[in-house]
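Novice: Fold the stuff below for me.
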Amino acid sequence: MDIQIATLCDFAADYNGKLVISGTFDTLAARALPVVHPACALAMRFCFTQEDNGRHKLSINIINEDGESLDPNNMPIKPDFDIQLPNGAPFLTRNMVMNLQGLRFPDDGIYSIDIGYDDEILIRLPLRVVKVNAEGKSE
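Specialist: Sure, this is the predicted structure:
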């Protein structure tokens, strides 16, 4: 499996097999901490080949700098899925959009969105939470 796209964004949708992404970001500015980000999406596009046929496990986890889950009661998310490419197909792509609501960040710093496949982290997306003053400047 190959991750062709993985990004945190304001909005994403699968539109007839096309991944629509709007407002990719990697930084949240907060005037007060903790901060709750009301809504965003994790947009991903996967490419599978014949060697990927079979049952697999995806994992998604948002962690802090110490490697602790942002929401230990609900993360990591670990859905199982089956891949079966049609005979003769060289590859198969699939889009996945995960809508995230009410993410609570207790402190400023660097967070990561880890995306794994069969218990191996394939990509780590960084997310920076920065405390700013009323003028929007970092404190």
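
Novice: So E51 belongs to a helix, correct?
Specialist: Yes. Per DSSP: H, G, I helix; E, B strand; the rest coil, E51 lies within a helix segment.

Novice: what residues are up against the most centrally placed residue in the chain?
Specialist: Nearest to the mean C-alpha position of the chain, counting by C-alpha atoms, centre = their mean, stands L42 at 4.1 Å. Residues counted as contacts of L42 (C-beta atoms under 8 Å, 6 or more residues apart in numbering) are A6, T7, L8, C9, A12, I60, V97, M98, L100, I113. Yep, even glycine has a C-beta here, placed from its N, CA and C like the rest.

Novice: The fifth one against G23, yeah?
Specialist: No. Look at A12 against G23 with C-beta atoms under 8 Å: they stay out of range, at 9.1 Å.

Novice: R31 versus the residue nearest to the centre of the chain, what's the distance?
Specialist: For L42, the distance to R31 (C-beta to C-beta, to the nearest Å) stands at 25 Å.

Novice: Output the contacts of L42 in CSV; the columns should cover neighbour count, distance to R124 and secondary structure.
Specialist: Shown next, in CSV, are these (neighbours: other C-beta atoms under 10 Å; distance: C-beta to C-beta, whole Å; DSSP: H, G, I helix; E, B strand; the rest coil):
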residue, neighbour count, distance to R124, secondary structure
A6, 18, 10, strand
T7, 18, 13, strand
L8, 24, 12, strand
C9, 16, 17, strand
A12, 25, 19, strand
I60, 19, 11, strand
V97, 17, 19, strand
M98, 16, 16, strand
L100, 16, 17, strand
I113, 21, 7, strand
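
Novice: Good, we can wrap up now.
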